[in-house]
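> sequence and predicted structure are below.
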Amino acid sequence: MRVGTAAAVGYVALQGGKAAWALRTARVVPGPRAPRPEETARVVVAQPILSGDPGLEDALRDNLLALEGVRFVWLVDEDDPEGRAVAERLAAQAAASVRPGTARVDVVTCPVTPEGTNPKLAKLQVALDGCADDEVLLALDDDTRLPATSLGALLDGLERATIATGLPGYLRGATPWAALVDQFVDANAATTYLTLAPVTINGMTWAMRAGDLRALGGFAPIAHALTDDLALARLVLGSGGSICQTAAPQWITTTVDGPRHYVALMHRWMLFATLLLRRQPPSTAAAITVLHGLHPTLLAIVLGDAVRRRRPLAALAVLAGRGFLLRRLQRRIHGRVLHRPVASVVAELVQPLHLVHGAVRPTIRWRTRTYRVRADDDFRDA
């Protein structure tokens, strides 16, 4: 069998198998459902806020409108007057509303975190300190929109596990660079999060009972971890707890201005992926590598062989099958088709380059700081 043919067969088998397994998992894990008012009254949505993204105000407002009955805690930095102004303006508008069930909003100003401390976790600790033990702390990034039905899935997840986490879906970005980011996530989210037993959480959206989190020491044991999602997952699993991966999406819109921003974002994600792999036992690391690291290389071989031999039919068949699988998977799990063929293929083909970049360059730019990373719990300002 020729190398190109073998790669085509392997690619279709790998991606088809992952899609089938993800669809099977989606049928048995919590999915979207509307939460009851008595449930939302126990939910505290904690959002660490940082200005700079032009979509910040719209994202915060959309969550206010979608999640009636919950209490929002917006955590702003004392040295971020723009972020504080946005939060206070929206909070005033919410307070002026007289509709029953309207979300409540507390704006909390947080001090600047010292070097070596995770700023997001420091803010979330402030929110946790204000929660009662019987409330649910739901951490939500400030660029993320959570439908009420996905909140219902998270609450169902807490009936099965210590912590419940959502499934990311990126909405269409405004630039070609944003398209590469959203297609990278949308092509891989379901087949990444729904094919293996959870080893981490999606840091954009997760929920946990405040009493359970407080019993683990809150965020203090992981305050010096770089990756909040991996550290929290490790804290929960290390204490004998469990993770429930739901099949309900949350929606993210992030501005990606140009190639430098795109490369920096992908580099950070891939560096975090290498930190995750280092923490896994060999069998799990091998499974992750095969399931989620092999397919871009196979696709590159298929397309390269078609170009070299000037016989495109097999490659076109592979691309058509790839598009069919992604559309079906996204329609079933995300409730809508997110696939953009050209950007999706390009995003997949450049994944190995981003992975190598993340593995060899340990310095990242994250929010307002630049860090040199040695390990998840060993990073310093660069």
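Good, I have the coordinates. Numbering: from 1, shown residues only.
> longest single strand anywhere in the protein?
Looking across the chain with DSSP state E, the single longest strand is strand 243-252.
> beyond that one, next helix or strand please.
helix 259-278 (DSSP states H and E).
> okay, buried residues for the helix or strand that that following helix is followed by please.
Sequence order places helix 282-293 as the next helix or strand after helix 259-278, per DSSP H and E. For helix 282-293, burial by neighbour count (16 or more other Cβ atoms under 10 Å) applies to 287, 288, 291, 292. The way it works is simple: take the backbone N, C-alpha and C, and place the C-beta from them, glycine included.
> can you redo these as a markdown table with pLDDT and distance to residue 310?
What follows is the buried residues of helix 282-293, written out as a markdown table (pLDDT from 0 to 100; distance: Cβ to Cβ, whole Å):
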| residue | pLDDT | distance to residue 310 |
| --- | --- | --- |
| 287 | 93 | 37 |
| 288 | 93 | 36 |
| 291 | 92 | 32 |
| 292 | 91 | 32 |
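> note down every partner strand of the longest strand of the chain and its orientation.
Paired neighbours of strand 243-252 in the sheet (DSSP bridges): strand 144-145 (antiparallel), strand 163-170 (parallel).
> any low-confidence regions in this protein?
For the chain, the stretches with pLDDT under 70 are 1, 98-103, 367-368.
> could you pick out the longest helix of it?
In terms of residue count, the longest helix belonging to the chain (DSSP state H) is helix 3-28.
> so what does the helix or strand following that one touch, helix or strand wise?
Downstream of helix 3-28, the first helix or strand assigned by DSSP H and E is helix 37-40. For helix 37-40, the elements it packs on are helix 148-157, judged by 3 or more Cβ pairs under 8 Å, 6 or more residues apart in numbering; DSSP states H and E.
> also compute the angle for the helix it packs on relative to strand 163-170, please.
Counting by axes from the mean of the first three to the mean of the last three Cα atoms, to 10 degrees, helix 148-157 lies at 150 degrees to strand 163-170.
> which helices and strands sit right next to helix 148-157?
Helices and strands in packing contact with helix 148-157 are listed as helix 37-40, strand 136-140, strand 163-170, strand 205-209, strand 243-252; criterion 3+ Cβ pairs under 8 Å, 6+ apart.
> need the ones you listed in a markdown table with mean neighbour count and distance to residue 111, can you?
Output for the helices and strands packed on helix 148-157, formatted as a markdown table (neighbours: other Cβ atoms under 10 Å; distance: least, Cβ to Cβ, whole Å):
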| stretch | mean neighbour count | distance to residue 111 |
| --- | --- | --- |
| helix 37-40 | 14 | 30 |
| strand 136-140 | 25 | 19 |
| strand 163-170 | 26 | 27 |
| strand 205-209 | 25 | 24 |
| strand 243-252 | 24 | 28 |
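> can you put the ones you listed in a markdown table and add distance to residue 189?
Converted to a markdown table, the helices and strands packed on helix 148-157 look like this (distance: least, Cβ to Cβ, whole Å):
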| stretch | distance to residue 189 |
| --- | --- |
| helix 37-40 | 25 |
| strand 136-140 | 17 |
| strand 163-170 | 5 |
| strand 205-209 | 12 |
| strand 243-252 | 8 |
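> which stretch among the ones you listed comes nearest residue 28?
Closest approach to residue 28 among these (Cβ to Cβ): strand 243-252, 8.9 Å.
> any idea of the angle the closest one forms with strand 205-209?
Strand 243-252 runs at 140 degrees relative to strand 205-209, counting by the same axes, to 10 degrees.
> and residue 226, how many neighbours does it have?
By the measure other Cβ atoms under 10 Å, the count of residues near residue 226 is 23.
> so it, which state does it fall into?
coil (DSSP: H, G, I helix; E, B strand; the rest coil).
> still on that earlier bit, quick check: which of the helices and strands packed on helix 148-157 is nearest to residue 122?
Nearest of the helices and strands packed on helix 148-157 (Cβ to Cβ): strand 136-140, 12.8 Å.
> residue 370 reaches residue 364, doesn't it?
Yes - with contact defined as Cβ atoms under 8 Å, residue 370 and residue 364 form a contacting pair (7.2 Å).
> for the longest helix of the chain, packing partners?
Helix 3-28 packs on helix 176-193, strand 243-252, helix 295-309, helix 313-333, going by 3+ Cβ pairs under 8 Å, 6+ apart.
> ok, which of those comes nearest residue 89?
Taking Cβ to Cβ, strand 243-252 is the member of the helices and strands packed on helix 3-28 nearest to residue 89, at 22.6 Å.
> what angle sits between the closest one and helix 3-28?
Using the same axes, to 10 degrees: strand 243-252 against helix 3-28 is 100 degrees.
> quick one: strand 243-252 to chain centroid distance?
9 Å (Cα atoms, centre = their mean, to the nearest Å).
> using PDB, write down the CA coordinates of that strand.
Presented in PDB, the C-alpha positions along strand 243-252 are these (Å, rounded to 0.1, in the frame of the first residue of the first chain):
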ATOM      1  CA  ILE A 243     -14.700  15.500  36.800                       C
ATOM      2  CA  CYS A 244     -17.900  15.500  34.700                       C
ATOM      3  CA  GLN A 245     -17.400  16.700  31.100                       C
ATOM      4  CA  THR A 246     -20.800  17.900  29.900                       C
ATOM      5  CA  ALA A 247     -21.800  18.000  26.200                       C
ATOM      6  CA  ALA A 248     -23.400  21.500  26.500                       C
ATOM      7  CA  PRO A 249     -21.500  24.400  24.700                       C
ATOM      8  CA  GLN A 250     -20.500  27.800  25.800                       C
ATOM      9  CA  TRP A 251     -19.700  30.400  23.200                       C
ATOM     10  CA  ILE A 252     -16.400  32.300  22.900                       C
END
